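Asks: I'd like to go over a predicted model; first the sequence, then the structure.
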Amino acid sequence: MSLTFWKPGTAAPGSTLDRASQLEESIGVQIPPTHGRGQLPILKYRDNLLYCVEKFGVVIVIGQTGCGKTTQLPQFLLQAGWADDGHTIACTQPRRIAATSVASRVSDELGTKLGEEVGYSIRFEDVSSKEKTRILYMTDGMLFRETLVDPLLSRYSVVMIDEAHERSVYTDLLLGILRKIRKKRPSLRLIVSSATLDATKFLDYFSQDSEGDATIVSLEGRMYPVEVTYLQEPTPDYVRKAAETAWNINLQSLQQGPGDILVFLTGREEIDRCVQELSEMIPSLPARATRIVLLPLHAGLSTEEQLHVFQPAERGTRKVVISTNIAEASVTIEGIKFVVDCGCVKIRVFNPTTLLASLATVPTSVASATQRAGRAGRTSPGICYRLYTSSVFKVLPATTSPEITRTDMTTPILQLKSLGIDDLMKFDWVSAPPAETVLRALEGLYAAGMIDDSGRLTPVGEQVAECPVEVGIARMLFSSKEFKCGEEILTIAAMTAVQDIFVIPEGAAGALAELERRKFTAEEGDHFTLLNAYNAFTRYGRSSSWCKSHALSFRAMSRAVSIRSQLKKYMQRFNLPLESCEGDSKRLTKCLVSGYWRNGARWTADGTYRSVRGNMILHVHPTSVLFTRKPRSGWVIFHEVEETKKAH
DNA sequence: GAGCACTGC
């Protein structure tokens, strides 16, 4: 079995592209069926798209990465007058980097200055103008936040939800809200753009209302053909198999020609092992064969390390990029001709009964496998080696479960309530979160005093809904007035929102880094340790070289600075004083407990802890400063519980 | 003595 993508101009007879050119002549006549599943019209030109946007309230656009929908569609709309009369065209992206880079490209294409006709809006950065900006690229989270201020999104004429197939929590929430908005403001046009054929799910969703007028348009991708191969027999160890496959691709280079290799594995541990296996094989590489360069890629690497992956291979060498799922959608590496796909992915799952989050390795979906294969066909025809049998492929789920079904919903539900959506069971979810998750979230909001016993927002809840932090942190910020420690609690709030603050490399350098990290250690625990690290960072001039010599991530620390200054504005708005506790750790501890009292645990003689809620046996994570010490009081509060591989 | 998919406000 093989999957094929076609590049324009190279259409094979009878291919989809061929049919598309026949349709060109019937522009304006070819009206796509409203509910016609299974008959996706292949339209290629702007007139067809504009016709659909004019005629239908909701247009679902299917197009592979690279078909230009993200950059071209908003420009079509602009030229057709959709941004006249002071209206704006919004286009959401699930990631910041996509919002900024696309905005900059479109701005160039139009020959305008970024931030004027074309702008972007992401957290901490608003490069747009209320008066001038006609096309606004933004993260989905930012548009969701805007609904809290302007519930009808009245400044927009068209909203395009891009990459909807990724089904981020904010994408799902936005689709639900936009469906409600369209009932009150039918003139608002909605474009849902998706890379998979699962788009019929969106069509069904928007066709449910009586006034439902949705249609699907399919666009052609700009892709080279990718041949897909499967294993004859399943492998017991896909990491080794991945190393062998990459090795063999390189050995066959005389037939295969140049081109880099991209290997998909699930996590850092597997990546390190694969790099290890391949580097052990390198001494046996025949002299005539191409030399290979091994490049691991995962989010835990520093920015510099990640940049290595993008540098073109030196003459006479071949890059082998061994990556997590980060290379599936977030990062695009040019020059990849061979993809090796282990067939698995690590996803975060949330158990609403135990409130435990954990990482599970699960088989990829068909959509995900297709996306991975497509990474081989960006610059030339490619080959994808799937490290599983074709019978396994046939039973893969069509898509990965939407994030909203496997994550904590406390904050989103608070925000929905702030939007006046109180009956969560009646809300039209694209995919509903499990009832248990909703109940737990409501319970948590009630316990934190954000909602009353009839489920309505309290005055505090009303304010916290605006705050871009989790509920416990917000609770803490509000209590800081009573405990007179706003200055410190603000820093702790910012630091807990950032991940991977300490950088501990492998091997000997790691031991040194560990010693550096201990310099910040506070006896009181991780929150105080984070506070120490932040204060030291600002005291020593916020420099990246200082971070490097103190085992800190400059990227993470800079982010904490931004978050702190953003939260500071909220504190000022809510009249919360910024007082210092002047070294009184007791007051600060009490304030922390006021936000996280539900996450209490008691030390036991065997070194483990028992949670106050549920009396669960908990272990301290090795990255905590309490991993090596006993809390003086015998009590701790924890920020989060994560299920790991540790044997219980 | 032991561990880190990826985003986003």
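Replies: Looks like it arrived, so ask away. Please read all numbers here as calculations on a predicted model, not as lab measurements. Numbering: from 1, shown residues only, chains lettered A, B, ... in the order given.

Asks: Do the longest helix seen in chain A and DNA strand B come into contact?
Replies: Counting by DSSP state H, the longest helix found in chain A is helix A:554-573. No: if you take Cβ under 7 Å from any atom of the strand as the test, helix A:554-573 misses DNA strand B, and the best it gets is 8.0 Å. Using the backbone N, CA and C atoms, a C-beta is placed for each residue, glycine as well.

Asks: ok, now how distant is the closest residue to A:T437 other than its chain neighbours from A:M160?
Replies: Leaving aside its chain neighbours, A:T437 sits nearest to A:P352 (4.2 Å; criterion: Cβ to Cβ, 6 or more residues apart in numbering). Relative to A:M160, A:P352 is positioned 33 Å away (criterion: Cβ to Cβ, to the nearest Å).

Asks: more neighbours, those two?
Replies: Remark: of A:P352 and A:M160, A:M160 carries more neighbours, 26 against 19, as counted by other Cβ atoms under 10 Å.

Asks: What average pLDDT does the strand or helix carrying the more buried one get?
Replies: According to DSSP states H and E, A:M160 maps onto strand A:156-161. Strand A:156-161 comes out with an average pLDDT of 96.

Asks: Within its sheet, name the partner strands of that strand and how each one runs.
Replies: Taking DSSP bridges as the criterion, strand A:156-161 forms sheet pairs with strand A:88-93 (parallel), strand A:189-194 (parallel).

Asks: Lowest average confidence across those strands, which one?
Replies: Across those, strand A:189-194 has the smallest mean pLDDT, namely a mean of 93.

Asks: so how far is that strand from its chain's centroid?
Replies: In terms of Cα atoms, centre = their mean, to the nearest Å, the centre of strand A:189-194 is set 19 Å apart from its chain centre.

Asks: One more: stretch A:237-257?
Replies: The answer for stretch A:237-257 is 31 Å, by Cα atoms, centre = their mean.

Asks: Next, give phi and psi for A:L414.
Replies: phi -60, psi -40 (degrees, to the nearest 10).

Asks: what do you get for A:E314?
Replies: phi -60, psi 160.

Asks: and if you look at A:K319?
Replies: phi -80, psi 140.

Asks: Surely it touches A:L297?
Replies: No: using Cβ atoms under 8 Å, A:K319 is not in contact with A:L297; the gap is 10.6 Å.

Asks: Spell out which residues are contacts of both of the two.
Replies: Common neighbours of A:K319 and A:L297 (criterion: Cβ atoms under 8 Å, 6 or more residues apart in numbering): A:V309.

Asks: thinking again about what came up before, show me what counts as buried in the longest helix of chain A.
Replies: A:554-557, A:559-561, A:563-564, A:566-568, A:570-571 (16 or more other Cβ atoms under 10 Å).

Asks: do the same with stretch A:461-481
Replies: Those would be A:461, A:463-467, A:469-481, for stretch A:461-481 by 16+ other Cβ under 10 Å.

Asks: ditto for stretch A:517-527
Replies: With burial defined by 16+ other Cβ under 10 Å, the residues of stretch A:517-527 counted as buried are A:517, A:520-521, A:524-527.

Asks: Contacts for that stretch, please.
Replies: With Cβ under 8 Å, 6+ apart as the test, stretch A:517-527 has contacts from A:492, A:496, A:502, A:504, A:528-529, A:531-533, A:536, A:550-551, A:585, A:589, A:592, A:624-626, A:629, A:631-632, A:636, A:639.
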